[in-house]
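In: just the structure for this:
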Amino acid sequence: MIRALAAALLFAPTLALGAGDPVKGELRHRSCLQCHGTEVYVPPKRRIGSLSALRKEVVRWADYYNPKFSKAEVEDVVAYLNRDFYKFP
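Out: Residues are numbered from 1 along each chain as shown. You can find the predicted model right below:
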């Protein structure tokens with residue numbers, strides 16, 4: 001039990017919200033480009049207004065893929081989109 005708790009505490013920061021890797025996210029995002037380009041991330045087509053809304057949208061579309069994006073992949077894609085397009089704090 002103590003080992004499991006110690007392991008969870010050790011790895012928790014890597015799974016925290018906003019802890020994605022934008023480089024990995026950029027690579028994973030290539031699958032999104034099968035249906036749309038990056039024009040949906042910039043005005044006038046841009047509809048996302050916050051980091052939480054961005055994450056919610058990535059999660060929604062992550063279920064579309066088979067296999068689905070993992071939680072880490074979702075965070076990676078969010079980190080990439082935020083770094084290169086949205087720039088939310």
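In: so residue 22 is in contact with residue 84, correct?
Out: Yes - judged on Cβ atoms under 8 Å, residue 22 makes contact with residue 84 at a distance of 7.3 Å. Quick note: C-beta positions are derived from backbone N, CA and C, even for glycine.
In: between the two, which is the more surrounded one?
Out: residue 22 (18 against 14; other Cβ atoms under 10 Å).
In: state the distance from the more buried one to residue 32.
Out: 14 Å (Cβ to Cβ, to the nearest Å).
In: could you do residue 62 as well?
Out: 10 Å.
In: give me the common contacts of those two.
Out: residue 77 (Cβ atoms under 8 Å, 6 or more residues apart in numbering).
In: identify the residues contacting residue 46.
Out: Contacts of residue 46 by Cβ under 8 Å, 6+ apart are residue 40.
In: give me the secondary structure label for it.
Out: coil (DSSP: H, G, I helix; E, B strand; the rest coil).
In: likewise for residue 56?
Out: Classified using three-state DSSP, residue 56 is helix.
In: count of residues packed around residue 51?
Out: 17.
In: meant to ask about residue 81
Out: Neighbour number of residue 81 under other Cβ under 10 Å is 26.
In: my read: it touches residue 55, true?
Out: No - using Cβ under 8 Å, residue 81 is not in contact with residue 55, being 9.5 Å away.
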